[in-house]
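Participant: could you work out the structure for the sequence below:
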Amino acid sequence: AFSQKVQIELFHKLFVAKFVINTVYSRVTMSASPAKLFGLVAAWYAGNTFYNIFNKQAANMIDAHWFLASAQLVVGIGISLIMWGSGIRKAPNLTSADRMACIPIGLFASLAHCGTVLASAVGAVSFAQIVKACEPVFAAVVGLLLPPADVKPILAYFMLLPIVGGVGLACVKEGKGVDINVQAFLFASLANLAAALKGKLGSSVTKELKADKSKNMDAANVYGVMNIISFICTIPFVVFTEASTLTESWNAAVEEHGSAPLIKNILLSGLFFYFYNECAFAFTANVGSVTSSVLNTAKRVIIIVVSAVVFNEAMERNTVIGSAIAICGTLAYSLTSKAPAPKKKAE
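Facilitator: Numbering: from 1, shown residues only. Take a look at the predicted model:
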């Protein structure tokens, strides 16, 4: 039966992914040598690039993008459950209070994920990545508005200007003026805002969970738990936006593209989403947020270039120049936002 084939394929890919992810993560965290950190970055970049390719291919096949984002999270949940159930990785030991504290983080993580999926689905992947380069702007505003205020060095705030200006320039088409995909822009902005709120609300919670060794909440398990909560948070959005048309959309996609290619792209996008996030979490745990932010900025360049080639997305002169300015601004912000405060002179 077809359903049996799907189950066998899913089990096989999850089984393989389980060992690949666990091997990469455990080896790097046991001994974070430069070579192993380099390997983790390479895996992070490759995973993210392949995720964007398979995600866009799946989104082009089925007109149910909230469902697609939710289904990708289910794949990651399967991997986590296999690891915890088999004993390869210690299962989290959380109290009800711990789980409640994680819910807001999981909610904003789900919105950040869904916003990115929807932005790439309704527009070009490269455009979504250009707008997502504005994430530091959202983070800076959220950091100031929500207590406790996170005040950055003044130079960091100046670095926000080229980010906004670069994204604005990228939206100006020669001979047309400002020409943007409004839906894609709004969804990418939603992802930026949600990511900023997740970072603001989640840093203290995850730090406390990691500090208590009895809870078994290392970087990988933090991501695994947030992934489960994120999936639960996506269910209402899927129900309210696509439940009534989901069967029709699925049948139309299967009729046009075939069930095997559709399921393959959903499955692989979920696998690579989980894989690259585990690698990113592990890398950040070893080197800190500043280095991770810098490399996350460089990652956008790769995705923009690859998506433009794979999906034949137009890259006009203003788009190239604007995205370069925005990405350089993001890089500069990452470097200056964590600048050490000047030491007071001894009297």
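Participant: list the buried residues for stretch 183-199?
Facilitator: Applying a neighbour-count criterion of 16 or more other C-beta atoms under 10 Å, one finds 184-199 buried in stretch 183-199. Every C-beta, even on glycine, is put in place using the N, C-alpha and C of the backbone.
Participant: pull the CA atoms of it into CSV?
Facilitator: Extracted C-alpha coordinates of stretch 183-199, given in CSV (Å, rounded to 0.1, in the frame of the first residue of the first chain):
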residue,chain,number,x,y,z
GLN,A,183,2.8,39.6,1.4
ALA,A,184,6.4,38.3,1.4
PHE,A,185,7.6,41.4,3.1
LEU,A,186,5.0,41.2,5.8
PHE,A,187,5.6,37.5,6.5
ALA,A,188,9.3,38.0,6.6
SER,A,189,8.8,41.0,9.0
LEU,A,190,6.6,38.8,11.2
ALA,A,191,9.4,36.3,11.3
ASN,A,192,11.8,39.0,12.3
LEU,A,193,9.6,40.3,15.1
ALA,A,194,8.9,36.8,16.4
ALA,A,195,12.6,36.0,16.4
ALA,A,196,13.4,39.2,18.3
LEU,A,197,10.7,38.4,20.9
LYS,A,198,12.0,34.8,21.2
GLY,A,199,15.5,36.0,21.8
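Participant: wait, residue 272 sits on residue 50?
Facilitator: Yes. If you go by C-beta atoms under 8 Å, residue 272 and residue 50 touch, sitting 4.6 Å apart.
Participant: so which of those two has more stuff around it?
Facilitator: Legend: neighbour count by other C-beta atoms under 10 Å for residue 272 and residue 50, higher for residue 272 (23 against 18).
Participant: what segments of the protein are helices?
Facilitator: Taking DSSP state H as the criterion, the chain contains helices spanning 2-30, 34-61, 65-86, 96-122, 125-132, 135-145, 154-158, 160-170, 182-211, 219-242, 246-257, 259-287, 289-310, 317-336.
Participant: need the ones you listed in CSV with mean pLDDT and distance to residue 176, can you?
Facilitator: Output for the helices of the chain, formatted as CSV (pLDDT from 0 to 100; distance: least, C-beta to C-beta, whole Å):
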stretch, mean pLDDT, distance to residue 176
helix 2-30, 52, 44
helix 34-61, 91, 24
helix 65-86, 96, 27
helix 96-122, 96, 19
helix 125-132, 91, 15
helix 135-145, 91, 25
helix 154-158, 92, 30
helix 160-170, 91, 13
helix 182-211, 92, 15
helix 219-242, 95, 31
helix 246-257, 97, 32
helix 259-287, 90, 32
helix 289-310, 80, 19
helix 317-336, 89, 10
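Participant: which one of the ones you listed is the most hemmed in?
Facilitator: Among the helices of the chain, the stretch with the highest mean neighbour count (mean count of other C-beta atoms under 10 Å) is helix 125-132, at a mean of 26.
Participant: counting by contacts, list what that one packs against.
Facilitator: Packing partners of helix 125-132 (3 or more C-beta pairs under 8 Å, 6 or more residues apart in numbering; DSSP states H and E): helix 96-122, helix 160-170, helix 182-211, helix 289-310, helix 317-336.
Participant: run the last query once more with 7 Å
Facilitator: helix 96-122, helix 160-170, helix 182-211, helix 289-310 (3 or more C-beta pairs under 7 Å, 6 or more residues apart in numbering; DSSP states H and E).
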